[in-house]
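Asker: Structure for this input, please:
(chains A, B, C and D)
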Amino acid sequence: MSLSTEKRIQERDVVIQTIAKLMIPFIQLFGLYVMIGTEGAGGGFQGGTVLAASFILLVVAFGIDKGRMKMPEGWNAVFKSLGLYLYAGVGGLLCIIFSLGKAEYLNYCAIPLAKIIGGPATRGFWVGNIVEVGIGVTVMAAFVSIFYDLVRKEESVEEGGAEE
Amino acid sequence: MIEWIAQHIVAKYNFWIAIVIMLTGLYATVAKGNLLKKLIGLTIFQTAIFLFYVSLSDVGTLSGLGLHYGTAPIVWEEGIHRGYMYVNPLPHVLMLTGIVVSAATTAVGLALVVRLYEEYGTLEEERIMEKEMEIDKRGT
Amino acid sequence: MIIPIDLALLFFIVVIAIAAITTKDLLAAIVLLSAYSFLMACVWVEMNAVDVGFTEAAIGAGVTTAFMIAALSRTARWEEK
Amino acid sequence: MLPIEQFPVLVVAISLLSALTILLAGWLNKKSCFYISLATITFQFILSIFILRHVLTVGTIHYWLGGWRPPWGIEYVVDALNAYVLIIILFLSLLAAIYSKRSVEHEIDEKKLVTFYTLFQLLVTGIAGVVVTGDLFNMYVLLEVCSLAAYALIAAAGGRALKASYNYLVMGAIGVCFYLLGIGFLYSVTGTLNMGDMRLLLPALYGNKAVQVAFVFILIGLSIKCAIFPLHTWQPDAYTYAPSVITVIISTAMAKASIYALIRVIFSVFTVDFITLFAPIADIISWVAAIAMIFGSILAIAQFNLKRMLAYSSIANIGYIMLGVGLSTSTTLGLTPALMHILNHALMKGCLFMAACGFIYKADLRDIRDLVGLARRMPYTCFAFLLAALSMIGFPPSVGFVTKLYLIFAALDAGKYIFIAVIFFSTLLMIVYFWHVIEIMYIRVEEKGEKEIKVADAPMSMVIPGLVLAVLCFIVGIIWLIGTPMPLMDAINSGLGLGVAVP
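Answerer: All right, here's what the predicted structure looks like:
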């Protein structure tokens, strides 16, 4: 039952471990595809969740200690912050700064990134994807940290509300 | 009478079922004594509201041959030329946010449930109240 | 939307929702909740709300269930009374 | 677009960024959390002053996120009502942030400090967001952001707070779900979520059953959030067991933001016409408010725990605000008394809770009966408590007096004399329970003898915010009586179509 009793799980669940090993890369690839593979806006939330689900599968199959090795808890805070910086900082505030206070928050057209990189001139194509990555990383880190907090045996810290 | 039933109940069965599920969830949230069960009820309640919203977006027309429903809200050129009707995507987008909010609420609730169990050693609301009363008596 | 499939799925959803709140075994209740979320995701895909469907499958059926089982592993499995 | 028109979104976006900056900076240095939070809230407060000035001199700010025009995109609208409430909640948040320095060090485990300030900043983000947004669904999301932060913060105190927080979570989640359901009904008939747009589209549909049901759902959902009388059950426990600074902020800023949401939905999305002609709810609100005023005061008398007494007193005071809302349709004063009490109650209750938590901080005094002779030991905190309590009772020229005066004017104007009696009776009950505390603190003498009296007040960072609020209780009262803010009130009333007597 308990997830931290790693030994028991390792003895029992060869099938689950093998299948998890096979599945995790594909789940992560799918998450990335949902996040940035499509040209339109949206997908950050779902992609982030799918990525988080892959980590949770890792923890369920191999135990919490292996999970911590792959993604230490300290990183979660960094990922959350950096993701949100990408979302609100680059995607939002830069719009205002680039256009010298003329364009609105989240108005990606104001960032001339498409011209610099040379992508298609569709509305905010490149910036949109960067922002999606930001949202996805934040959601992933938030979900993984909530899961770690729930699994952890020592005193837990309330998390949540980090989603926007 | 039959017409009224056909128009208000059969044609809108999605909404009726959504309301049945909603009330099931609300009942569990209010009446169950177990803290985890309350959260399960809350999740059911919220999901039923999302079903209500998605049902709203599912537009269709009643033609001579029966009901014609819209396709998924993916716009492609051929589809536009052939006049496909697509379902309203706005409630879908709203519900994406709703689902994330609901998951976050459940997560905070679960963290509280775990802490409460560590504190009182039980998940039953009545037991917790009894223990709180005991603490109060000892305190004064 | 295909009405027979829709009706069948919704019928199962109602049954599962009622089962989830009546069972005394909390682990069973959580697994039933997961099934409920998954069937709900199926209903939404069948109603052409593809994105909502697979978000619900990932969050409702996947992550929330994992959270609940993680919480259950640190608390009591059986409901009293 | 003028640079100042970017401010409504900056109030929210910078706060959100700051919350995550705290998370990152706290990793390196735990002490920095407090200073980042304080700096951000100060900045937000300065922005809100500019917003108010702009709204008063130029006019309503409409802000389209991402450049999408209103029926499609999210719109942030700041008119006189928003600007007024925004400045109140940010001022109270600022004082609470100053207050948090020492009290958090005292109450919260050092390991949790970073998380605590992150969630604190998210709470402020949510509250500010609820106030500036002009979109019904966005309001739902932001209500949830601030509620989730509040649940976690209340639970941070541990012990009894956990159960209080859990009850709040269940009640709050049900309330917000009702609100969401109500928006769903409105969306199904109008096809829009923008408040301004909906205000234009709804009048033709007022007779529609779905609209009326939606109104009831939204009203009940938000009433749970505001802790209006029969739906207040989560509130006393949550206020009593939360950490000090959280009690201060949720009893002032967050409660006011919820009431703002209620007023906004009743008068701005639906209009006065709707609630007078199609859903005659004004009288019901007034009567429920009257019951809340008396019920809250009577229960407050029965309490021994000081914070719990103040929590029940809050229920009575929410009753005052709702009485103002209920009377507003039938008087020429409009919403003025309710709006006044939003500010006044925030000042008084903030000060009282700061003082009460100061007693707990210094001497772990929770019970009223233990406060004997405290005025000699903690003179400044007790003085702040005294001023705020006098103001609550309605000592002229304090803010409590002004509220009661205007409510009586409104009741006279509306011809509903019974509410005057209710106001007097509730004032009488208030005198009973506040005088009880003041008497114990100032007049009763300790039995042990008066030899060992040492002045040992709470730290300055906890005393000064309380004293500032206590002094403001009287200064603002005088300002109200002079009538300086009346143009603002008139602007709000005319914006909502109130202030003209409706027969």
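Asker: Quick one: the helices in the chain, in order.
Answerer: In the absence of a named chain, chain A is used. Ranges of helices within chain A are A:6-12, A:14-32, A:44-62, A:64-70, A:73-84, A:94-98, A:113-117, A:125-151, based on DSSP state H.
Asker: wait, chain C
Answerer: C:3-22, C:26-46, C:50-56, C:64-72.
Asker: For residue A:16, which non-adjacent residue is spatially closest?
Answerer: residue A:61 (5.2 Å; C-beta to C-beta, 6 or more residues apart in numbering or on different chains). For every residue, glycine as well, the C-beta is placed using N, CA and C.
Asker: What of residue D:442?
Answerer: Sequence neighbours aside, residue D:375 is the residue nearest to residue D:442 in space, at 4.6 Å (criterion: C-beta to C-beta, 6+ apart).
Asker: just residue D:179 next, same as before
Answerer: Residue D:179 sits nearest to residue D:221 (C-beta to C-beta, 6+ apart), 3.5 Å away.
Asker: Report all helices and strands that the helix or strand in which the one you found is found contacts.
Answerer: Element membership for residue D:221, per DSSP states H and E: helix D:209-226. If you count contacts as 3 or more C-beta pairs under 8 Å, 6 or more residues apart in numbering or on different chains; DSSP states H and E, helix D:209-226 packs onto helix D:160-190, helix D:255-264.
Asker: Just send those back as JSON lines, with distance to residue D:312 and mean pLDDT too.
Answerer: Below are these laid out as JSON lines (distance: least, C-beta to C-beta, whole Å; pLDDT from 0 to 100):
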{"stretch": "helix D:160-190", "distance to residue D:312": "15", "mean pLDDT": "92"}
{"stretch": "helix D:255-264", "distance to residue D:312": "14", "mean pLDDT": "91"}
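Asker: Same list (those) but as a markdown table, adding mean neighbour count.
Answerer: A markdown table is the format used below for those (neighbours: other C-beta atoms under 10 Å in any protein chain shown):
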| stretch | mean neighbour count |
| --- | --- |
| helix D:160-190 | 23 |
| helix D:255-264 | 25 |
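Asker: of all the ones you listed, which lies closest to residue B:25?
Answerer: Nearest of these to residue B:25, taken as C-beta to C-beta: helix D:160-190 at 9.1 Å.
Asker: Helix or strand next in line after that closest one, which one?
Answerer: helix D:195-201.
Asker: Give the other helices and strands that that next one contacts.
Answerer: Secondary elements touching helix D:195-201 (3+ C-beta pairs under 8 Å, 6+ apart): strand D:75-78, helix D:160-190.
Asker: circling back: take the helices and strands packed on helix D:209-226 and write them to TSV, including distance to residue A:140.
Answerer: Output for the helices and strands packed on helix D:209-226, formatted as TSV (distance: least, C-beta to C-beta, whole Å):
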stretch	distance to residue A:140
helix D:160-190	24
helix D:255-264	30
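Asker: and residue D:86, which of those is closest to it?
Answerer: helix D:255-264 (8.9 Å).
Asker: Convert the C-alpha atoms of the closest one to CSV, please.
Answerer: C-alpha atoms of helix D:255-264 as CSV (Å, rounded to 0.1, in the frame of the first residue of the first chain):
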residue,chain,number,x,y,z
ALA,D,255,-14.3,39.6,3.0
LYS,D,256,-14.5,43.0,1.3
ALA,D,257,-13.5,41.6,-2.1
SER,D,258,-16.3,39.0,-1.8
ILE,D,259,-18.8,41.7,-0.9
TYR,D,260,-17.5,43.7,-3.8
ALA,D,261,-18.2,40.7,-6.1
LEU,D,262,-21.7,40.4,-4.8
ILE,D,263,-22.5,44.1,-5.2
ARG,D,264,-20.9,44.1,-8.7
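Asker: residues making contact with that helix?
Answerer: D:81-82, D:85, D:88-89, D:92, D:127, D:130-131, D:139, D:143, D:146, D:195, D:219, D:222-223, D:225-227, D:314, D:318, D:321, D:325, D:335, D:338, D:342, D:345-346 (C-beta atoms under 8 Å, 6 or more residues apart in numbering or on different chains).
Asker: Where does the prediction get shaky in chain C?
Answerer: Residue ranges of chain C with pLDDT under 70: C:1, C:81.
Asker: ok, the residue nearest the centre of it to chain A distance?
Answerer: The centroid of chain C falls nearest to residue C:36 when counting by C-alpha atoms, centre = their mean (2.3 Å). For residue C:36, the distance to chain A (C-beta to the nearest C-beta, to the nearest Å) stands at 18 Å.
Asker: Quick check: that residue touching residue B:44?
Answerer: Yes: at 6.8 Å, residue C:36 counts as touching residue B:44 under the criterion of C-beta atoms under 8 Å.
Asker: Run through the residues of the stretch 151-300 of chain D sitting next to chain B.
Answerer: D:151-152, D:155, D:158-160, D:162-163, D:165-166, D:169-170, D:173-174, D:177, D:180-181, D:184, D:187-188, D:193 (C-beta under 8 Å from any C-beta of the partner chain).
Asker: Of all the helices of chain A, which one comes closest to residue D:301?
Answerer: helix A:125-151 (42.0 Å).
Asker: For that closest one, which helices and strands make contact with it?
Answerer: For helix A:125-151, the packing partners by 3+ C-beta pairs under 8 Å, 6+ apart come out as helix A:44-62, helix A:64-70, helix A:73-84, helix A:113-117, helix B:89-120, helix C:64-72.
Asker: Repeat the analysis, applying 10 Å as the threshold.
Answerer: Counting by 3 or more C-beta pairs under 10 Å, 6 or more residues apart in numbering or on different chains; DSSP states H and E, the packing neighbours recorded for helix A:125-151 are helix A:14-32, helix A:44-62, helix A:64-70, helix A:73-84, helix A:113-117, helix B:89-120, helix C:64-72.
Asker: Dump these to TSV, plus mean neighbour count.
Answerer: TSV is the format used below for these (neighbours: other C-beta under 10 Å):
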stretch	mean neighbour count
helix A:14-32	14
helix A:44-62	24
helix A:64-70	15
helix A:73-84	20
helix A:113-117	13
helix B:89-120	23
helix C:64-72	24
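Asker: Could you tell me the least trusted of those?
Answerer: Note on these: lowest mean pLDDT is at helix A:113-117, with a mean of 58.
Asker: need the helix or strand of chain B with the lowest average pLDDT.
Answerer: One helix or strand of chain B scores below all others by mean pLDDT, DSSP states H and E: strand B:60-63, with a mean of 54.
Asker: residue ranges for the strands of chain B, please.
Answerer: Along chain B, counting by DSSP state E, strands occupy B:60-63, B:66-69.
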